[in-house]
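K.L.:
need the 3D shape of this:
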Amino acid sequence: MRNAPSVVLWVAMAICVIGLITLPVNLQTQLILSVTVVTIMALLKILGIGGRWRLVALAFGMAIVWRYVYWRTTETLPPINQPANFIPGLLLYLAEIYSVMMLALSLFIVAMPLPSRPSRAAAQKTFPTVDVFIPTYNEDAVLLSNTLAAAKAMDYPADRLTVWLLDDGGTVQKRNATDVRESAAAVARHKQLTELCQALGVNYLTRERNEHAKAGNLNNGLRHSTGELVAVFDADHAPARDFLLETVGYFEEDPKLFLVQTPHFFLNPDPLERNLRTFERMPSENEMFYGIIQRGLDKWNAAFFCGSAAVLSRKALETTKGFSGLSITEDCETALELHSAGWNSIYVDKPLIAGLQPATFASFIGQRSRWAQGMMQILRYRMPLFKRGLSMPQRFCYMSSTLFWLFPFPRTIFLIAPLFYLFFDLEIFTASGGEFLAYTLAYMLVNLMMQNYLYGSFRWPWISELYEFVQTIHLLPAVISVMLNPKKPTFKVTAKDESVFVSRLSEISRPFFIIFAIQIIALIVTVYRIYTEPYKADVTLVVGAWNLINLILAGCALGVVSERGEKSSSRRVRVQRRCEFGTGDQWYAASIEDVSVGGAGLQVFGRDLASLAPGTDAAIRFRPHGSTDETVTLPLVVRGITNAGDVSLLGCQYRPRSPQDHRWIADLIFANSAQWAEFQKGRRYNPGILRGTIWFLGLSLYQTSRGLLYLFRGMGRSAR
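P.N.:
Residues are numbered from 1 along each chain as shown. Reported below is the predicted structural model:
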């Protein structure tokens, strides 16, 4: 009975909240209340007051949200005896309820996320045996060379570390395929990767058949290895030297720990960042998940396995017979099973790997379709809300992660809902212009402010809406298909080593231009109806403004699907490292200014380089990370030169002559994790709702014009 007073207090508070939400007030009072709450939230944000005041601001915001939900439920639904109005009206209402539910789950998870854990690399004293798994299917040998070399070079006792390349592209099944071309390619791949692994001191492992995709490949690795811990890296995810030192120690502190997950940092922009040119100045999409959401999940012991950049306990995996493979998102499914079995997880918020993202919009959509379908499979087969063994917070966390991928449904409804009124004069939302102002506009403002409170410098205003918009068109049929047939989806490897050398429209861009055209027509209809039906002007203006928001998003999406051509096939990362540049018998003092997976930019000090021609063989000598006296030499070929007095700026391409050279390439790019953290910090700032909205409007106008220009150019080429 010791908890009785607390129960009474919570019941009393719940009654008070329900009373405030359902309190009948006139429109003027509601408007004053909305303005007051928005003002209080804005003042708390401007003053930068955090801690519990942050929770106070969020509580004020939720009060407005729940008032809006109550009003929508009791006063705005069309009569049920008007099915033409009621059915689309009900669909819109359900879409809004979904959004409110996801907002509530987000508040629960990230209202007060755990702070980032301090570095523990220097404190590591014990070294359990570790097997490093790098699963691959069709990735290029050069890409694999860099990842394997970086994994092999991790700062960890060599006798306690074993690196495995798990190759599903050279299985016996593929080498004996009836298709002669497929068989020959698999045999050549098997031979090439076997020799590569021997040269790098890595274990090469394949299997008889390609069964259960990535999960089956990882489980085959478990059967052939014995390490106490298992580190998993995707083929394009190369670890920094301190990856294991920052992660393995947590397993000694908690015998029930099954996972230490770290964030995925990417060297290259995703297609949205590349085509909109926001990579260097705006936080990436994944930073909201890895910078905020995973820390929030960690608070509730619900941080989950993300398929790479993680260390897992073999002992824990053995209790669930390895990695789960019922869904095509084996990572989250595996974590769900182990959490429900009583195991714990930890999230370390420090970028310790660098990877590659899909370069084309089509590959990006293919990747997201797999994630969405896999999460729907987990929702269908595992149902986290009723999963035995999970705590209630863990149930909420997993439901949030899986239900998120239903966003194509409400996003589609929000897109077409204004058209019902503008084109067909259907009243699917029964309210006046004043009520829209007092309830709906206040709800939208509060929603934006709460997102800004929760995600701040990790997510700028309207960017989440844009990402959801551009994915919705193609993810909606993918999600519907897995709902109808959950066994249908199969695991497909995402291509990440692509390049776009020529500017062009994406091959899946057509629906976005059709949607944009329809919304332009809707804008014209809005103006026409305001002129011809002035007695409905208030409602028409509100619906027209809603359509205008959709039009702004659709215009920006035109820029997203207009693929920019790039001369360089890989993104350069700025560094500052001393080296020597050599050509022939001459060596010059130099510095490495930037690096990529394909080459490096050098600043060379010497007057007599003016005659150096592109195509000249050269080399650099530098000291690897963690070495005090060793100097290594990496072969290069000069691709471009700019002379500026005593200094020459050189663009060079790597020319590795042996697999060992890939170790030095990996050292240049991947060894130092601090440079990745600094890069992320440099683009993390909060522009605020007003400035962020103005910036997004300007971005949309420019990208609309760019997308239309690409369209007209394409039409001109077709005509010729």
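
K.L.:
bridged to the nearest residue to residue 576 once chain neighbours are set aside, which residues?
P.N.:
Using CB to CB, 6 or more residues apart in numbering and skipping residues adjacent in sequence, the residue nearest residue 576 is residue 591, 6.5 Å away. In this view, the C-beta of every residue, glycine as well, is placed from N, C-alpha and C. Applying DSSP bridges to residue 591 yields these beta-bridge partners: residue 578, residue 603.

K.L.:
next: residue 238.
P.N.:
With DSSP bridges as the rule, residue 238 is bridged to residue 354.

K.L.:
next up, the contacts around it.
P.N.:
146-147, 150-151, 353-355, 666, 669-670 (CB atoms under 8 Å, 6 or more residues apart in numbering).

K.L.:
at 7 Å what do you get?
P.N.:
146-147, 150, 353-354, 666, 670 (CB atoms under 7 Å, 6 or more residues apart in numbering).

K.L.:
what is the burial count for residue 485?
P.N.:
Per other CB atoms under 10 Å, the neighbour tally for residue 485 reads 9.

K.L.:
how close does it get to residue 387?
P.N.:
Distance of residue 485 to residue 387, computed by CB to CB, to the nearest Å: 23 Å.

K.L.:
same thing with residue 301?
P.N.:
14 Å.

K.L.:
tell me which residues of the host helix or strand of residue 85 come out buried.
P.N.:
Following DSSP states H and E, the helix or strand that holds residue 85 is helix 83-110. For helix 83-110, the neighbour count (16 or more other CB atoms under 10 Å) marks 85-86, 88-89, 91-93, 95-96, 98-100, 102-103, 105-107, 109-110 as buried.

K.L.:
is it true that residue 458 touches residue 288?
P.N.:
Yes - assessed by CB atoms under 7 Å, residue 458 is found in contact with residue 288 at 4.8 Å.

K.L.:
domains of this structure?
P.N.:
4-112+407-563, 126-359, 598-681 (automatic domain parsing).

K.L.:
tell me which of these sits most buried.
P.N.:
domain 126-359 (a mean of 20; mean count of other CB atoms under 10 Å).

K.L.:
residue 162 in helix, strand or coil?
P.N.:
strand (DSSP: H, G, I helix; E, B strand; the rest coil).

K.L.:
which residues touch it?
P.N.:
So residue 162 contacts 131-132, 203, 225, 227 (CB under 7 Å, 6+ apart).

K.L.:
and the residues you listed, which is closest to residue 599?
P.N.:
residue 132 (26.7 Å; CB to CB).

K.L.:
mind listing the strands for the stretch 201-350 of the chain?
P.N.:
Shown for the stretch 201-350 of the chain, the strands assigned by DSSP state E, counting those that start in this stretch span residues 203-205, 229-232, 238-239, 257-261, 265-266, 310-313, 344-347.

K.L.:
got a markdown table for those strands, with distance to residue 360 and mean pLDDT too?
P.N.:
Below are those laid out as a markdown table (distance: least, CB to CB, whole Å; pLDDT from 0 to 100):
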| stretch | distance to residue 360 | mean pLDDT |
| --- | --- | --- |
| strand 203-205 | 30 | 96 |
| strand 229-232 | 26 | 97 |
| strand 238-239 | 22 | 94 |
| strand 257-261 | 28 | 97 |
| strand 265-266 | 15 | 92 |
| strand 310-313 | 27 | 97 |
| strand 344-347 | 30 | 97 |
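
K.L.:
which one of those lies closest to residue 181?
P.N.:
strand 203-205 (22.9 Å).

K.L.:
what's in contact with that closest one?
P.N.:
So strand 203-205 is contacted by 162-167, 193-194, 197, 220-221, 224 (CB under 7 Å, 6+ apart).

K.L.:
now, these that are in helices?
P.N.:
193-194, 197, 220-221 (DSSP state H).

K.L.:
closest to residue 63 among those residues?
P.N.:
Out of these, the member with the shortest distance to residue 63 (by CB to CB) is residue 221, at 52.0 Å.

K.L.:
ok, that closest one touching residue 167?
P.N.:
No - Residue 221 is not in contact with residue 167 according to CB under 7 Å; the separation is 10.5 Å.

K.L.:
what helix or strand is residue 466 on?
P.N.:
Judged by DSSP H and E, residue 466 forms part of helix 463-484.

K.L.:
meant to ask about residue 634
P.N.:
Per DSSP H and E: strand 632-644 holds residue 634.

K.L.:
now the angle from the next helix or strand after that strand to strand 632-644?
P.N.:
Downstream of strand 632-644, the next assigned helix or strand under DSSP H and E is strand 647-654. Interaxial angle of strand 647-654 relative to strand 632-644 (axes from the mean of the first three to the mean of the last three CA atoms, to 10 degrees): 140 degrees.

K.L.:
OK, contacts around residue 155?
P.N.:
Per CB under 7 Å, 6+ apart, neighbours of residue 155: 241-242, 245, 626.

K.L.:
mind picking the two most distant members of the residues you listed?
P.N.:
Across the contacts of residue 155 (CB to CB), the longest gap, 11.2 Å, separates 245 and 626.

K.L.:
distance check, residue 377 against residue 191.
P.N.:
Residue 377 is 36 Å from residue 191, by CB to CB.

K.L.:
one more: residue 699?
P.N.:
49 Å.

K.L.:
before we move on, back to that, among the domains of the chain, which comes closest to residue 371?
P.N.:
Nearest of these (CB to CB): domain 126-359, 6.3 Å.
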